[in-house]
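[1] Sequence isn't available, so here's the structure alone:
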């Protein structure tokens with residue numbers, strides 16, 4: 001008997017594992033559909049407080065959707081304009097940085113005793129000249145077309161989600177509640193058919209069914225409210241912290257004389273949505289820039305230390321205080337989720353990893369299954 005039970009458990013485990021793998025493959029292959037949909041729902045959670053306020057003030061849903069889209073387009077266009085201006089200035093100054101980088105490589109080769117003429121006479125211009133510009137331009141064009149299509153699809157999804165979320169929620173609510181009270185109804189029907197039910201018991205049973213229906217509705221609404229609240233709290237708090245860190249690092253690098261401080265500030269803001277990995281990249285890139293710009297090792301190292309201190313202050317000290325322990329995700333789970341979602345959806349998956357994992361944890365925590373409780377314990381930080 002125990003052997004059969006163990007076999008059943010093993011079979012269920014491998015079935016679930018295969019199902020998860022197939023789900024990951026599906027999400028990866030159809031990312032052009034699922035990724036904009038996921039981002040649109042994250043935006044829906046972000047806009048929920050504003051939209052709920054406007055709905056209470058009797059604003060039509062069409063006006064609410066238009067206002068949301070105007071805000072999204074305004075923020076996106078403004079950020080893109082600032083970034084493109086900085087990149088344009090960077091491209092204009094590329095010849096200067098090429099010369100400095102060539103000099104660094106040549107001097108380093110002489111210091112460490114490399115006699116290869118390739119490094120002794122290193123020229124980044126010659127390396128770039130060997131690139132296939134046709135293929136590169138084609139890749140850039142294809143990426144631009146894909147990004148434009150993804151943005152349009154995102155806007156399309158977002159508009160429908162804002163207007164149709166309530167209907168979808170009601171459908172899930174009816175389905176969830178019917179599954180909860182179905183066993184009770186079947187029990188009543190069985191007793192009725194077997195004539196084990198007397199007339200006086202019917203009102204009592206109906207009251208029990210209504211009570212179970214009410215409890216199920218409250219439980220579902222609390223789950224949805226918890227998901228919405230935690231995702232909003234994470235996104236808003238994380239966005240504010242990233243913005244403050246970006247401004248602090250951008251101004252610090254500007255006063256320290258590092259070129260394109262605005263670009264590094266923007267990268268700090270974007271990359272720190274990716275736990276651990278993003279912070280490391282946001283540290284390395286301006287350090288490399290400082291190495292090329294100043295041509296020494298001491299000052300870039302000092303800049304790296306300053307950036308590391310600022311990021312530690314914001315993301316290791318302030319972030320736990322601001323966000324609290326409400327998400328409560330184990331750091332190992334966060335790292336694995338970043339890697340898994342990064343494999344499925346690339347950089348966008350890394351950005352969405354923490355919100356998606358938090359949603360999964362909240363949903364799993366509502367289950368009474370011992371296996372689900374075990375998974376929640378693994379995901380928990382305590």
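    The structure has been received and is ready for your questions. Small disclaimer: the values here were computed from a predicted structure and weren't measured. Residues are numbered from 1 along each chain as shown.

[2] any chance you could map the helices in this protein?
    2-29, 31-56, 61-92, 94-111, 117-120, 124-129, 133-193, 201-255, 261-271, 277-294, 298-312, 319-323, 331-365, 370-379 (DSSP state H).

[3] what packs against the fifth one?
    Packing contacts for helix 117-120, counted by 3 or more CB pairs under 8 Å, 6 or more residues apart in numbering; DSSP states H and E, involve helix 94-111. In this view, the C-beta of every residue, glycine as well, is placed from N, C-alpha and C.

[4] from the chain's centre, how far out does the helix it packs on sit?
    Offset of helix 94-111 from its chain centre (CA atoms, centre = their mean, to the nearest Å): 38 Å.

[5] next one: stretch 154-162
    Distance, centroid of stretch 154-162 to centroid of chain: 18 Å (CA atoms, centre = their mean).

[6] what's the answer for stretch 44-62, then?
    Taking CA atoms, centre = their mean, the mean C-alpha location of stretch 44-62 is offset from the chain mean by 23 Å.

[7] picking up where we left off before, looking at the helices of the chain, which is buried most?
    For these, the largest average neighbour count (mean count of other CB atoms under 10 Å) is found in helix 261-271, namely a mean of 22.

[8] Now do it: everything it contacts.
    Applying CB atoms under 8 Å, 6 or more residues apart in numbering, the contact partners of helix 261-271 are 79, 82-83, 86-87, 90, 242-243, 245-247, 249-251, 253-254, 258, 278-279, 281-282, 285-286, 289, 311.

[9] Need phi/psi at residue 58.
    Main-chain dihedrals, residue 58, degrees, to the nearest 10: phi 70, psi 30.

[10] can you tell me which residues contact it?
    Shown in contact with residue 58 (CB under 8 Å, 6+ apart): no residues.

[11] Likewise for the one 3 residues further on?
    By CB under 8 Å, 6+ apart, the contact set of residue 61 is 55, 162, 163.

[12] can you rerun that using 7 Å?
    Listed by CB atoms under 7 Å, 6 or more residues apart in numbering, the contact partners of residue 61 are residue 163.

[13] Return the per-residue confidence for it.
    If you check residue 61, the pLDDT there is 79.

[14] Give me the distance between it and residue 309.
    To residue 309, residue 61 is 47 Å away according to CB to CB, to the nearest Å.

[15] can you check residue 55 too?
    Separation of residue 55 from residue 309 (CB to CB) stands at 44 Å.

[16] Need the nearest residue in space to residue 318, chain neighbours excluded.
    Excluding the flanking residues, the one nearest residue 318 by CB to CB, 6 or more residues apart in numbering is residue 241, at 6.4 Å.

[17] Having no further points to raise, I will conclude here.
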